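> Kindly return the folded structure for what I paste below:
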Amino acid sequence: MISPTIQLHLLVFLLALTGVFGHLLSLNTTSLVVWRTGIAAVVMALWMLYRRKALLLVSPALALKMLIVGMIIGAHWLFFYGSLKVSNISICLTGYASISLFTAFTEPWLTGSKIVKSEILLGILAALGLALIAGLETKYLLGLTLAVIGAFLAAVFPVLNRKLVLSGAAPETILLWEMPGACIAALIVHPFLSPYASLFQWKSMDFVWMFFLAILCTVFAHAFHTHLLRNISAYRSNLVMNFEPIHGIILGALLFQDYQSLRPVFYLGAAIIILTNFLHLRVKK
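Take a look at the predicted model:
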């Protein structure tokens, strides 16, 4: 049987496709998040009705918790994609590199456990690796700020999802209730950025890319990620998630001929991140 860590690495590669489909879609940031989460919620509900292995209806208190976590997820996506819109991929990756460092604090804070110094040091090392990949872009302060806020949110919701799944909630149920929360967050923000009419300004191939983004990269990927959190800590999960931008850069180079992104420093940064993951396994042993 494939170990949870290997499954997580395969999942991260799948999540890297999110950037590819997001690049191909012509929809703006908030419209993309609205449709992605809305379609994901409907598909998950239909799947659960067909399978009948997980609860659709839960207590109001639990439903509210999952909706709130969903809004955090939606806010994370909005900040992340917003960073890409107002700056560039380098700035966004630099901010994204702080996820592991944030998780070293958020997981103990939200679970009541002790802060592990080695995890803080490894988080800083992973951040250094991604910062090398991203380059030393300091021109776009707004873009960097949005990326760091998005990274902080990404360090919060896996911890909350882990608590939900360990309390007995099914991953399918969690996703079913979180996606409407993410959709609500995007709908609230949408009118401040563009009129609601822009939600329906689709181009021909957008339906194809949205199908893969909503079902493959959202319904399957996030439900499976929540399932893996039964056996993997949120910190370990986010540490491996540092590979996502590396996969994304490689896919961008192969599919969109963006070879200029693969500077020599990319390989150094990738080596540091890989070393960080091996060091984390060694520290745990």
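> is it true that Ala186 touches Asn28?
No - look at Ala186 against Asn28 with C-beta atoms under 8 Å: they stay out of range, at 10.6 Å. (Each C-beta comes from the backbone N, C-alpha and C, glycine too.)
> Check whether the residue lying closest to Pro4 once chain neighbours are set aside sits in a helix, strand or coil.
Among residues not flanking Pro4 along the chain, Asn231 sits closest, at 4.5 Å (C-beta to C-beta, 6 or more residues apart in numbering). Secondary structure, DSSP: H, G, I helix; E, B strand; the rest coil: Asn231 is coil.
> where does Asn231 sit relative to Val165, distance-wise?
Separation of Asn231 from Val165 (C-beta to C-beta, to the nearest Å): 10 Å.
> again, but for Leu187
Distance of Leu187 to Val165, given as C-beta to C-beta: 27 Å.
> Also Phe192?
Taking C-beta to C-beta as the measure, Phe192 falls 33 Å from Val165.
> Those two: which is more packed in?
Neighbour count, other C-beta atoms under 10 Å: between Phe192 and Val165, Val165 has more, with 18 against 7.
> so what pLDDT did that one get?
Here the pLDDT value assigned to Val165 is 85.
> Please, which helix or strand holds it?
In the assignment (DSSP states H and E), Val165 maps to helix 157-166.
> Buried by neighbour count: which residues of that helix qualify?
157-165 (16 or more other C-beta atoms under 10 Å).
> any idea which of those residues is closest to Trp202?
Trp202 has its nearest neighbour among the buried residues of helix 157-166 in Phe157, at 28.4 Å by C-beta to C-beta.
> Excluding chain neighbours, what is closest to the closest one?
Counting by C-beta to C-beta, 6+ apart, the nearest residue to Phe157 once its immediate chain neighbours are dropped is Ile72, at 4.8 Å.
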